[in-house]
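# dropping the sequence and predicted coords here.
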Amino acid sequence: MQPRDSSPSALVRLYVYALHGCLCEVAFTAVYDWCSTQDRRLAGHSSLWALPMYATAIYFMEGVRARLLAQDQPLPVRLAAYTLFIYFWEFSWGVGLTLLGACPWDYSAHRYNLAGLVTLEYAVPWAAAAFIAEQYVIRNTLRIRLHK
């Protein structure tokens with residue numbers, strides 16, 4: 001049994017982060033597609049690869065968040081750091097999944113893309129996602145208490 005004052009286990013946090021990331025991706029793709037097609041079904045989409053990708057990204061963002069908050073960095077600096085980390089993470093996963101023939105995204109049609117694996121056009125949505133992760137998801141996940 002965990003002591004009452006400890007944060008949830010890494011496995012619990014990874015689970016929460018995986019679900020959060022996939023839910024946000026499905027919602028984002030539904031709205032993004034609606035903007036271009038007006039399809040009222042809002043049929044968002046994702047990939048099972050997103051589960052470990054989001055889980056580990058947000059898990060590692062915990063450490064980045066802790067260091068930046070300990071250094072008393074202002075919000076714009078933190079958001080820039082998180083966004084750069086997200087681009088690094090997405091690009092790294094994209095390279096690995098491409099090597100496996102399994103990359104579920106392709107940003108080649110976007111104007112400011114790098115190898116079709118990341119696009120600068122998503123910088124603002126990624127910064128917004130980082131803000132939500134820092135202010136709500138990570139903070140509240142670390143507060144979860146599981147009791148038997």
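Arrived safely, thanks for sending.
# stretch 58-77: how far from the chain's middle?
How far stretch 58-77 lies from its chain's middle: 15 Å, per CA atoms, centre = their mean, to the nearest Å.
# and the next element down the chain from the longest helix seen in the chain?
Identified as the longest helix of the chain according to DSSP state H is helix 10-37. Next helix or strand after helix 10-37 toward the C-terminus (DSSP states H and E): helix 50-70.
# just checking, what packs against that following helix?
helix 10-37, helix 75-99 (3 or more CB pairs under 8 Å, 6 or more residues apart in numbering; DSSP states H and E). Any C-beta I mention is one placed from the backbone N, CA and C, and that applies to glycine too.
# please redo it, this time with the cut-off set to 10 Å
Secondary-structure packing of helix 50-70 (3 or more CB pairs under 10 Å, 6 or more residues apart in numbering; DSSP states H and E): helix 10-37, helix 75-99, helix 123-132, helix 139-142.
# how about it: buried residues?
Going by neighbour count (16 or more other CB atoms under 10 Å), the buried part of helix 50-70 is 50-51, 53-59, 61-62, 64-65, 68.
# could you work out the most separated pair of those?
Distance extremes for the buried residues of helix 50-70: the farthest pair is L51 and L68 at 25.9 Å, using CB to CB.
# residues of the longest helix of the chain that come out buried?
13-14, 16-18, 20-22, 24-26, 28-30, 33.
# pick out the most distant pair among those.
R13 and D33 (30.3 Å).
# does R13 really touch Y59, like I thought?
Yes: counting by CB atoms under 10 Å, R13 touches Y59, with 6.1 Å between them.
# so what sits against both of the two?
138, 141 (CB atoms under 10 Å, 6 or more residues apart in numbering).
# find the nearest non-adjacent residue to I58, please.
Y17 (3.7 Å; CB to CB, 6 or more residues apart in numbering).
# quick one: pLDDT of that neighbour?
The per-residue pLDDT reported for Y17 equals 98.
# give me the phi and psi for L114.
phi -120, psi 110 (degrees, to the nearest 10).
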